[in-house]
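Asks: Return a 3D structure for these sequence lines:
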Amino acid sequence: MHANALWGESMWLRSFIVASLLQVSVGSVAHAAGPFGSVKIGNWVGGAFSNDETGAFSHCAATAPYANGVILVVGQNTGGSWILSFASPSYRFKQGENAAIDVIFDGQEQARLFATANQTNMLSSVMPANVVRTFQKASLMVATSGRTVLNFDLTSAGPVIAALANCVTKVKADGLDKAGDFTKIAAKPQAAPDKQTPSAGSKPARAKSGTGFVVSASGHVVTNNHVISGCVGDIKGNLTGEAGMVLRVVSSDANNDLALLQAPSTTTFKEFARIRDRSIRSGDSVVAIGFPFHGLLTSDFTVTTGIVSSLSGMRNDSRFLQISAPVQPGNSGGPLFDTTGQIVGVVTGKLDGLRMAAATGNIPENINFAIKTGALRDFLDNSVVPYQTAEPKSEIKTTDIAGNARPYTMLISCNGTEQAEAKR
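Replies: Below is the predicted model:
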């Protein structure tokens, strides 16, 4: 293809990126400059854009061409609205024409979008929040309008949504002049930096470890905040029997003791954890998997079983489950399964037996805690991370639960200062 043809196509792409977001959100024709910074994930390309007339930041968007001749455009404007557009040089709509587009995700969840032709070659629709969440989790979208049925591979859509949300947040906070690679999502302030020099008064770093589990094909890893808090240098993740990988902190929540890590972009996961979509009950059986006392016990993960003893934690804290499945230091951040193999919690710790013995004169047994999936899903939604839920199916053997968890349950390790350890 000639250079002029490529230039013409890129200018056309830019024109409908602008139209799809500015015209839907503002309701009038506007010109935009950009992209500022970049979003490049799979076949998606985009960045931040500004209004030429005012110079103000207007939206972040990305496009992806498909073999069916349609180019998808997805973006978020400064007001937080998400827009999905379908564009093609072969389209011939009347400006202002309306159309209903039925979309089905992974053959299950479906929605109807009401789109408007802001240009003759494009239809644009606002995506409700529930559709955005489904879009970012799905692998396939089938769109139907009239007699036209089109398939769209959404394998990279989850990270794209996260990058665009990060783009809007970053540009609103820092301005267009500091726009960069929006696929590099910065950690929140409470998360440990990748590298830091210990202060003169700090003690030498020591090895610390915990457990984590993968929740998306893109390699998003959930663990406890206290597992990675205070890490100095690289945070590493190891699947049993495989070489370690360096994990990047995406976000963390000290209040709910959750952290989200990201595996390298070159790594994909065919298997990952599914979160149970139905509440668990007191008395239900559970399975805990993790890497307790790493370096002292087996290098493989361990499996323990028990029941849900209570639907609340210490002092009736409703964010937690109390469980009888034995856990030890190193289990923190690990998956808690029901008997069908679905995630029902994130193991977070155990009752301090010595402290309770000193206070009450009795030594407690098997009083351990896990974060409920409600808090976990809120955390993942706020981090704009794709994940999948599942209804409980028929029970399977504990050995099968452990076998299924092997491809996505990780040892999480780093070097941490003793000061950091003392704060845990």
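Asks: Let me see the ranges of the helices in the stretch 51-200 of the chain.
Replies: Remark: helices assigned in the stretch 51-200 of the chain by DSSP state H, counting those that start in this stretch are 129-137, 157-174.
Asks: Export these to TSV and append columns for distance to Gly42 and mean neighbour count.
Replies: Backbone N, C-alpha and C define where each C-beta goes, glycine included. Formatted as TSV, the helices of the stretch 51-200 of the chain follow (distance: least, CB to CB, whole Å; neighbours: other CB atoms under 10 Å):
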stretch	distance to Gly42	mean neighbour count
helix 129-137	13	19
helix 157-174	8	22
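Asks: Would you format these as a markdown table with distance to Thr302 included?
Replies: As requested, the helices of the stretch 51-200 of the chain are arranged in a markdown table below (distance: least, CB to CB, whole Å):
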| stretch | distance to Thr302 |
| --- | --- |
| helix 129-137 | 31 |
| helix 157-174 | 31 |
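Asks: can those helices go into a markdown table with extra columns for distance to Arg281 and mean pLDDT?
Replies: Formatted as a markdown table, these follow (distance: least, CB to CB, whole Å; pLDDT from 0 to 100):
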| stretch | distance to Arg281 | mean pLDDT |
| --- | --- | --- |
| helix 129-137 | 26 | 87 |
| helix 157-174 | 31 | 90 |
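Asks: Tell me, please, where in the protein the pLDDT is lower than the cut-off.
Replies: Under the criterion of pLDDT under 70, the regions of the chain flagged as low confidence span 1-33, 185-205, 351-365, 417-424.
Asks: can you list the domains in it?
Replies: 3-178, 187-424 (automatic domain parsing).
Asks: Run through the residues that contact Val385.
Replies: Residues in contact with Val385 (CB atoms under 8 Å, 6 or more residues apart in numbering) are 136, 158, 162, 215-216, 220, 250, 260.
Asks: Let's see the distance spanning stretch 245-261 from one end to the other.
Replies: Stretch 245-261 has an end-to-end distance of 11 Å (CA to CA, to the nearest Å).
Asks: got it, and stretch 118-125?
Replies: This stretch, stretch 118-125, spans 10 Å end to end (CA to CA).
Asks: likewise stretch 297-316?
Replies: 34 Å.
Asks: Residues touching that stretch, excluding its own?
Replies: So stretch 297-316 is contacted by 211, 240, 280-292, 318-327, 334, 344, 351, 366-369, 398, 401-402, 405-406, 409, 411 (CB under 8 Å, 6+ apart).
Asks: Please identify the buried residues of it?
Replies: Of all the residues in stretch 297-316, those buried under the rule 16 or more other CB atoms under 10 Å are 301-310, 313.
Asks: Closest one to Val171 out of those residues, please.
Replies: Gly313 (39.2 Å; CB to CB).
Asks: ok, now which ones touch the nearest residue to Val215 once chain neighbours are set aside?
Replies: Spatial nearest neighbour of Val215, chain neighbours left out: Tyr387 (4.6 Å); criterion: CB to CB, 6 or more residues apart in numbering. Listed by CB under 8 Å, 6+ apart, the contact set of Tyr387 reads 137, 215-216, 220, 275, 377, 380.
Asks: just to revisit the earlier point, which of the contacts of stretch 297-316 count as buried?
Replies: 211, 280, 285-292, 319-327, 334, 344, 366-369, 398, 401-402, 405, 409, 411.
Asks: how would you label the residue lying closest to Arg278 once chain neighbours are set aside: helix, strand or coil?
Replies: With CB to CB, 6+ apart as the criterion, Arg278 has its nearest non-adjacent residue at 5.8 Å, and that residue is Pro392. Remark: Pro392 carries the secondary structure label coil [criterion: DSSP: H, G, I helix; E, B strand; the rest coil].
Asks: I am assuming Pro392 contacts Gln342, so please confirm or correct that.
Replies: Yes. Assessed by CB atoms under 8 Å, Pro392 is found in contact with Gln342 at 6.0 Å.
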